[in-house]
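sequence first, then the predicted structure, then my questions.
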Amino acid sequence: MAVVRILGVDPGTLVAGFGCLEAEFDLPRRTTGSAPLALRAGNVVRLDGGVGRDVRVLELGVLRLGGRDAPVAERLMALGDQFRALLQRLQPTEIALEEAFSGKSVQAALRIGEARGVVLAESARAGLCVHQFPPARVKRSVTGHGAASKPSVAAMVSRLLPNGAGTGLPADATDAVAVALTRLEQRRSPLHRVMSGS
C-alpha cells in the first residue's frame, strides 16, 4: 500500500482555497499488453455517495492574501509565501488544480491565471506533480452534472466528506476540495489502474 496526499487548490488573488486529503492505494503491478480501446477513451468515475473510510481529511481552509486595495504583486507574493508554507506543513504528494478558463470577465481570468502561475511555480519548486482538470469535469465528478452551481458543489462536498468536515466552509475551500476529490476518483478509476500499470 502507498499513502497519497492530494492537495486541491482553488487559486485567487484575494483568497485561495485548499483542501488536503490522504488515501491509501495498492502499489502498481506490472501488466502485459496495452489497454483495451474502451479504456483509452476519456472516462469519468462518479463518486458513490462518499469518499470512503480509507480517506482522511487532513486540513481544509483558505489563504487570505490581502484586501482589494493591496497591490496585486504583493498579494501574489503573499500567495507564494503562504502556499510554500502550506506545502511544507502538509507534505502533499500531488497537487490538484482546475485548468484555466475564461469566466465572467477577461480581467478575472487574468487574475486567476496569475494566481495559478504562482501555484504552478511553487509546486514545481517543491518537485510535485500537478494534475489539472477542466471545471466541468470537477463539477461532474462531484455532483454528476458538469454545469452545477457553486452551492451544489459545496453541498455535495459536505455530504461526501466524513464527519461533516466540509460543512460551513467558504466556497473557495469547497471548490479546492472538489478538485482534490476529482483527482482521488481519477486514481481509483479502472482506467487509471490500467494506464499506470497498477
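On my side now, so go ahead.

what is the subsequent helix or strand relative to the lowest-mean-pLDDT helix or strand in the chain?
When each helix and strand of the chain is scored by mean pLDDT, DSSP states H and E, helix 37-40 comes last, with a mean of 42. Using DSSP states H and E, the next helix or strand after helix 37-40 towards the C-terminus is strand 56-64.

tilt between the helix or strand just after that next one and strand 56-64?
Towards the C-terminus, the helix or strand next in line after strand 56-64, according to DSSP H and E, is helix 72-90. For helix 72-90 against strand 56-64, the angle by axes from the mean of the first three to the mean of the last three C-alpha atoms, to 10 degrees is 160 degrees.

for helix 72-90, packing partners?
Under the contact criterion of 3 or more C-beta pairs under 8 Å, 6 or more residues apart in numbering; DSSP states H and E, helix 72-90 touches strand 2-10, strand 15-25, strand 56-64, helix 106-125. The C-beta positions use only the backbone N, C-alpha and C, and glycine is treated the same way.

for that helix, the distance to its chain's centre please.
Averaged C-alpha coordinates place helix 72-90 at 17 Å from its chain's average position (C-alpha atoms, centre = their mean, to the nearest Å).

name the residues that touch that helix?
Applying C-beta atoms under 8 Å, 6 or more residues apart in numbering, the external contacts of helix 72-90 come out as 5, 7, 9, 11, 13-14, 16, 18, 20, 58-59, 63, 65-66, 111, 114-115, 118-119, 121-123, 125-126, 128.
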